[in-house]
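Peer 1: 3D, please:
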Amino acid sequence: MLKTSMRYFQSVVQHGSIRAASEALLINQSAISRQIQSLEDEYEVSLLERHARGIRLTPAGELLFNTLREMEFAAERAKSEINALQGLKRGHIKIHTIESMIHHVLPSVIEKFHDQFPGVNFEIILAGSDAVVTAVRNGETDFGLTFVTHATHGVQTYCKMDCRLSAIMRPDHPLASVRHLSVSNLVTWPVGLATRPTGTRQIFDDVCRNRGIEIVPKLETNSVELLHQFALMEDAVVVTSDRVFYSSIKAGKLVSRILAEAELNSGHFEVLTMVGRKPTVAAERFLLFLARTFDRSGPD
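Peer 2: Sure, this is the predicted structure:
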């Protein structure tokens, strides 16, 4: 187990400031500062640069943080491999994910995995796309599921599925009879969108800006369920991936209409892992289950 000063140091780095670490650990800020000062005295070097907006690692601090993180990875990996020798009777998998993956992907995969490995537990953290990438890059999670539009340093793609942004609406909506729509067709209708800075919203806004189209959303929210309820309202249209409302579309409660703009088909739902980190045995097994699900999820 890491000594107190090192645990506090890690927490400050992960939370971005002594104040945020204090709130997370429920420890007085001065106590955390004293422990970090003790660590700096021990190594005879400055580990953190303090600024008004938080902290920044010095080269020595970055070296120590990465070393501590690798020590934790190695310990977790060793524990996982010992469990694997016993037939993976126990294990813990931590996943950061955008909410969209909760509705269509994760529950079914967890159910199948649980049938084979009932002793493995899951910790699922809901976060925005950027926060998922950050958690993976910082080693705060086993892997992440998110919407990706571009490559990011420090993370790698394990598997992915295409994400086509579509206009989602009730079957009796006037636009439902139009098989292929363009963004310009939505101008006069109440539109629901994810809030900025989500990847899907960024792509949609870019398309509108590049074509000189102004759409003022009737509803902006980071809640998938609220967008779902909005799509069920008369005359409403939600622009998102048709995979997000898969169950309602399959049940005939909603319909999905392709939008003609090619840029709206350029994103992907991806499973991201940290570069240079070998997953635990439990996470590695679960990733295989996920990959099979993604492989079966080609374009409709």
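Peer 1: who's in contact with the nearest residue to T134 once chain neighbours are set aside?
Peer 2: Distances taken as Cβ to Cβ, 6 or more residues apart in numbering place E140 nearest to T134, at 7.9 Å, with adjacent residues excluded. C-betas here are computed from N, CA, C, even on glycine. Neighbouring residues of E140 by Cβ atoms under 8 Å, 6 or more residues apart in numbering: 14, 94, 96, 134.
Peer 1: ok, and the most crowded of the residues you listed?
Peer 2: Using other Cβ atoms under 10 Å as the neighbour test, the contacts of E140 are led by H96, with 24 neighbours.
Peer 1: mind checking the SS state of it?
Peer 2: Secondary structure, DSSP: H, G, I helix; E, B strand; the rest coil: H96 is strand.
Peer 1: may I have the beta-bridge partners of it?
Peer 2: Under DSSP bridges, the beta-bridge partners of H96 are I125, G144.
Peer 1: where do the helices of the stretch 101-250 of the chain begin and end?
Peer 2: Listed in chain order, the helices found in the stretch 101-250 of the chain under DSSP state H, counting those that start in this stretch are 106-116, 129-137, 199-210, 224-231, 246-250.
Peer 1: okay, buried residues for stretch 88-96 please.
Peer 2: Buried residues in stretch 88-96, counting neighbours by 16 or more other Cβ atoms under 10 Å, are found at 88, 90-96.
Peer 1: same check, this time on stretch 177-193
Peer 2: Buried residues in stretch 177-193 (16+ other Cβ under 10 Å): 181-183, 185-186, 189-193.
Peer 1: filter those down to the ones in strands?
Peer 2: Judged by DSSP state E, the buried residues of stretch 177-193 include 181, 191-193 as members of strands.
Peer 1: quick check, nearest of the residues you listed to R209?
Peer 2: Closest approach between these and R209, by Cβ to Cβ: L193, at 13.9 Å.
Peer 1: contacting residues for the closest residue in space to the closest one that isn't next to it in sequence?
Peer 2: What sits nearest to L193 in space, not counting adjacent residues and going by Cβ to Cβ, 6+ apart, is P217, at 4.6 Å. By Cβ under 8 Å, 6+ apart, P217 lies in contact with 191-193.
Peer 1: wait, which of those is closest to C163?
Peer 2: Out of the contacts of P217, the member with the shortest distance to C163 (by Cβ to Cβ) is L193, at 15.0 Å.
Peer 1: that closest one contacts V237, correct?
Peer 2: No: when contacts are counted by Cβ atoms under 8 Å, L193 is not listed as touching V237 (9.8 Å).
Peer 1: mean pLDDT and distance to A260 added to the helices of the stretch 101-250 of the chain, as CSV?
Peer 2: Listed next are those as CSV, based on pLDDT from 0 to 100; distance: least, Cβ to Cβ, whole Å:
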stretch, mean pLDDT, distance to A260
helix 106-116, 92, 31
helix 129-137, 90, 25
helix 199-210, 91, 10
helix 224-231, 95, 20
helix 246-250, 91, 19
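Peer 1: a markdown table for those, including distance to K79?
Peer 2: Output for these, formatted as a markdown table (distance: least, Cβ to Cβ, whole Å):
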| stretch | distance to K79 |
| --- | --- |
| helix 106-116 | 19 |
| helix 129-137 | 20 |
| helix 199-210 | 34 |
| helix 224-231 | 34 |
| helix 246-250 | 36 |
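Peer 1: below-threshold pLDDT in the stretch 51-200 of the chain: ranges please.
Peer 2: Within the stretch 51-200 of the chain, the stretches falling below the threshold (pLDDT under 70) are 80-81, 83-87.
Peer 1: hmm, I was thinking of the stretch 201-300 of the chain
Peer 2: Applying pLDDT under 70 to the stretch 201-300 of the chain flags residues 296-300.
Peer 1: make it 80
Peer 2: Within the stretch 201-300 of the chain, the ranges that satisfy pLDDT under 80 run 266-267, 295-300.
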